[in-house]
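In: pasting the structure only:
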C-alpha cells in the first residue's frame, strides 16, 4: 500500500505486514492518503506528534470505481467530496490513455471543458463557454503569464512531469484574483520519489498523422528529508493531414521542455524549489499559404511563433501547530517572437514577479480560517521590431482575502469568503505599432501612442455548502462573484494581429460576473452519477467583434466592445462497472451564451455526447495491466453562432486505445496503441480558428507509445 502526505510531499510504501516509517514529521493535523489497487482510497486527518510511533487500523473497501483524492485548488488540502467547490481531476494514468497530442486536448475530455485550436500546436482551453483572459491556467498553483489575451497564444505548459490536473468550473476570483471568472486549470507537478528510492521513466511516442516524434526522460530520488528530480522532453510534429487527405499548411510545431525540482522536509517546515523551461516553435496557418506548400513539412519557414518561457518557483510552508503558513515566490520570463519570411515582426519580453502568502488556522478540526495576500508586478518591453502587439507597459496587482470553512456536522460543511483587489496599469508614451525611423537628417514622422494610467478596485465573494446525504450521495451549492479588469490589449491594441486589424478601447470598465451552480453526486462500488448545472450573469462582458469595415490596407477591422451577457448549461456524467474488468461510461455537456440583446456569444462550444467502454484485465502470464477501450464523441450541430461566426455541422468520432505491460525479469515495459478519428472523418470543430480558412480538423492518427519505468 502507498502512503502519502500531500501537504508535506512525503510518502512511502508499506511492507507485507502493513508497517511503514515516515520520519521527521511536524506537529499538526495533516491529511494522509492510503492507496491500494482495487480498493477505495482512504484519506484520514491525523494529528501528528513528531517522532512517535502509533498503531492505525484501516479497513480496505473493495471498489471498481476510481476513488476520490486529496486536492489543493480550493485553498487548502482536502478531499474532493469535502469541498463546497466542485473540483474535477484528471490523473496522469488517465491522461496517458488519451490520444490527444497536447495537454489542452486531453483536458477537453472533461465535460464542460473544450478547446479552441489552430491545429494541435495552438490550443486554448474553454470552460463553460469562457476562454482567454476569462480563465486561469496555473503551473503548480502559480498563474501562467504568457500573453493569454488571444486564442493565437497557447499556454506554455505540457503534460510531462505532471501528477494530475485539477479543474474548477466557475468563478475562482476569491482565491486567485482577476481573470478567474470562468474557472481555473491547475497543473500539479509530479510527486517526489518514495523515501529511500530513485525512480524514473523513459517514454517514446510516434504519431502517424503528423509524422510526430515525442521523447521524454525523467528521474527523481528521495533520501531522508531531501528530494530532487529532473525531466526533459522533446516533441516534433509536421503539418497535420485533415480527414479530406489534404495537408493543412504551416501547422507544424516543435516543443522542448525541462523540469527540475528539489526540496527539503523538516519538522518545522518544507522548502521546495522548481524550475520549468518551455520553448515552442509553431507554425501559424494564415491565408495564402496553400500555393506555397506541396508536402508535409516540420521546418518553420514562413509565418511562425518562436516562444520561450522560464519559471522559477519557491514554495515554502511553516508548521506552527495549529497555525500553518505558506509563502510562494515566483519569477517568470516569457519571450515571444513572430517571424515572417525570416524577418522578426514582433519581439516582446514579459517579466513577472509574484508573491502569494497565506496562513491557515485550524479550530479543533471543525473550522479552518484562511487569510492571504497576493502581489504581482508585470513588465512588458518591446525590442526593435516593427509591430507591437502590446505596447511597453507595467501592471501591479495587490489582493487581500479571507476564507472560513466550518463543519456543522459529519454531513454538512460550508464555506464563505471575501476578497479585495487593486490593479494599476501604466503605459508610457511610445511609438505605435508599425512605426518606422527616418534616416538621419530627415524629419521624424513617428505616430506615438498616448500614455495611459488606469487603476481598478474590485470586491469578490463566495458562499457554498456541501451536504452529504449518506456515504454515497452528496449535494453542492455555490453562489460566487468574480471580476476581470480589461487587459492592456483590450485597452490599447491597434494594429494587424493574425489576418485582421484590431483596435482597443480605452473606455472599457471591469467585467464582473455572478454565478450560481448546483451539483448532485452519487457513487457506490459499481456506479457513479454526477449532475451539475450553472447560471453565469456577466456585467460589461468584454469581447472582440468585427465592425463590418476594413482599414486602408484591406484588413477586416475588429474592435473591443462591452455588453451584459449570460451563460447557462450543465453536465451529466454516468459510469457503471458491473464487474472489475468492464467499464461503461457516458457524459453530456451543453452551454448556451447570449448577450443582453439576445445575440449569441462567440466561441461557445458544440453540445457533446461522449460515451465508451473499457476492458481491463490483471495478469496473463508475462503480460500485466492489459486494457482496451473505445470512446465516441457526437458533437451536435452548432446552429446558434455569434454574428461573425457561421453554423457548424454535427460530427461523430470514434477513438480506440489499448495497452499492456510486460515484465522481463525485474524490468517492466509498458506499451500502448491509440487511434484518434478511427474512421478518418472530415469534420470541423466549431472552436477551430482554421474554420474560416476552409481547413478541416485532423484525420486519422495512430499513436504508438513505449514507456520504460525504472527504480532502485
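Out: All right, it came through fine. The structure presented is a predicted model; accordingly, all values stated were derived computationally and were not measured.
In: quickly find the element holding the spatially most central residue of the chain.
Out: Computing the C-alpha centroid of the chain and ranking residues by Cα atoms, centre = their mean puts residue 185 first, at 3.5 Å. Of the helices and strands defined by DSSP states H and E, residue 185 is found in strand 183-189.
In: what helices and strands are in contact with that strand?
Out: With contacts defined as 3 or more Cβ pairs under 8 Å, 6 or more residues apart in numbering; DSSP states H and E, the packing partners of strand 183-189 are strand 122-127, strand 136-139, strand 162-169. For glycine as for every other residue, the C-beta is placed from the backbone atoms N, C-alpha and C.
In: neighbouring contacts of the first one?
Out: With Cβ atoms under 8 Å, 6 or more residues apart in numbering as the test, strand 122-127 has contacts from 102, 104-105, 107-108, 112-117, 131-132, 135, 137, 148, 151-155, 167, 169, 182-183, 185, 253, 282, 284, 603, 605, 687, 689.
In: now, which of those residues lie within helices?
Out: 104-105, 107 (DSSP state H).
In: list the buried ones in the strand or helix carrying residue 311?
Out: Here residue 311 is covered by strand 303-320, with elements defined by DSSP H and E. Residues of strand 303-320 classed as buried: 303-311, 313, 315-319 (neighbour count, 16 or more other Cβ atoms under 10 Å).
In: follow the chain on from the helix or strand bottoming out on mean pLDDT in the chain and name the next helix or strand.
Out: The least trusted helix or strand in the chain, going by mean pLDDT, DSSP states H and E, turns out to be strand 494-497, with a mean of 70. Following strand 494-497 in sequence order, the next helix or strand is strand 500-503 (DSSP H and E).
In: so for that next one, what gets flagged as buried?
Out: By 16+ other Cβ under 10 Å, the buried positions in strand 500-503 come out as 501-502.
In: got it, and stretch 410-427?
Out: So, applying 16+ other Cβ under 10 Å, buried residues of stretch 410-427: 413-419, 421, 423, 425-427.
In: would CSV of those residues with distance to residue 84, secondary structure and pLDDT be doable?
Out: Shown next, in CSV, are the buried residues of stretch 410-427 (distance: Cβ to Cβ, whole Å; DSSP: H, G, I helix; E, B strand; the rest coil; pLDDT from 0 to 100):
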residue, distance to residue 84, secondary structure, pLDDT
413, 7, strand, 90
414, 7, strand, 91
415, 5, strand, 91
416, 9, strand, 93
417, 10, strand, 92
418, 15, strand, 94
419, 16, strand, 93
421, 22, strand, 93
423, 27, strand, 94
425, 33, strand, 94
426, 38, strand, 94
427, 39, strand, 92
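In: from these, which is closest to residue 347?
Out: residue 427 (18.1 Å; Cβ to Cβ).
In: distance of that closest one relative to residue 661?
Out: From residue 427 across to residue 661, the span is 56 Å (Cβ to Cβ, to the nearest Å).
In: also residue 356?
Out: According to Cβ to Cβ, residue 356 and residue 661 sit 40 Å apart.
In: show me where the stretch 551-700 of the chain has its strands.
Out: Secondary structure of the stretch 551-700 of the chain (DSSP state E, counting those that start in this stretch): strands at 556-579, 582-595, 608-616, 623-635, 651-664, 667-676.
In: closest one to residue 178 among those strands?
Out: strand 556-579 (15.9 Å).
In: in the stretch 151-300 of the chain, which segments are predicted with low confidence?
Out: Within the stretch 151-300 of the chain, the stretches with pLDDT under 70 are 291-294.
In: going along the chain, name the strands of the stretch 101-250 of the chain.
Out: Ranges of strands in the stretch 101-250 of the chain, per DSSP E, counting those that start in this stretch, are 113-118, 122-127, 136-139, 142-143, 162-169, 183-189, 198-207, 212-223, 226-237.
In: quick one: closest of those strands to residue 450.
Out: strand 142-143 (29.2 Å).
In: and that closest one, what does it pack onto?
Out: Where contact means 3+ Cβ pairs under 8 Å, 6+ apart, strand 142-143 is packed against strand 323-340, strand 343-363.
In: contacts for it, please.
Out: Contact partners of strand 142-143, identified using Cβ under 8 Å, 6+ apart, comprise 136-137, 176, 179, 311, 313, 328, 330, 332, 354, 356, 376.
In: pull up the pairing partners for it, direction included.
Out: Using DSSP bridges, the neighbouring strands of strand 142-143 in the sheet come out as strand 136-139 (antiparallel).
In: report the buried residues of stretch 684-693.
Out: Residues of stretch 684-693 classed as buried: 684-691, 693 (neighbour count, 16+ other Cβ under 10 Å).
In: distance to residue 288 and pLDDT added to these, as a markdown table?
Out: Shown next, in a markdown table, are the buried residues of stretch 684-693 (distance: Cβ to Cβ, whole Å; pLDDT from 0 to 100):
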| residue | distance to residue 288 | pLDDT |
| --- | --- | --- |
| 684 | 20 | 94 |
| 685 | 23 | 94 |
| 686 | 24 | 94 |
| 687 | 23 | 92 |
| 688 | 19 | 91 |
| 689 | 16 | 87 |
| 690 | 14 | 89 |
| 691 | 17 | 90 |
| 693 | 10 | 86 |
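In: quick one: which of those residues is nearest to residue 289?
Out: For the buried residues of stretch 684-693, the closest approach to residue 289 (Cβ to Cβ) belongs to residue 693, at 9.0 Å.
In: grab the nearest non-local neighbour of that closest one.
Out: Distances taken as Cβ to Cβ, 6 or more residues apart in numbering place residue 287 nearest to residue 693, at 6.2 Å, with adjacent residues excluded.
In: the one you found and residue 245, how far apart?
Out: In terms of Cβ to Cβ, residue 287 sits 21 Å off from residue 245.
In: ditto for residue 144
Out: Using Cβ to Cβ, residue 144 is found at 36 Å from residue 245.
In: who's more crowded, these two?
Out: Neighbour count, other Cβ atoms under 10 Å: between residue 144 and residue 245, residue 144 has more, with 21 against 10.
In: for the closest residue to that one other than its chain neighbours, give me its contacts.
Out: Leaving aside its sequence neighbours, residue 144 sits nearest to residue 137 (Cβ to Cβ, 6+ apart; 4.9 Å). Going by Cβ under 8 Å, 6+ apart, residue 137 touches 125, 143-144, 148, 155, 157, 184-185, 187.
In: cutoff 10 Å now
Out: By Cβ atoms under 10 Å, 6 or more residues apart in numbering, the contact set of residue 137 is 103-104, 107, 124-125, 143-144, 146, 148, 154-157, 165, 179, 184-187.
In: for residue 182, same thing?
Out: Shown in contact with residue 182 (Cβ under 10 Å, 6+ apart): 125-136, 168-172, 482, 484, 513, 515, 536, 538, 567.
In: what about the nearest residue to it once chain neighbours are set aside, neighbour count?
Out: Ranked by Cβ to Cβ, 6+ apart and with sequence neighbours excluded, the top spatial neighbour of residue 182 is residue 130, at 3.0 Å. Per other Cβ under 10 Å, the neighbour tally for residue 130 reads 27.
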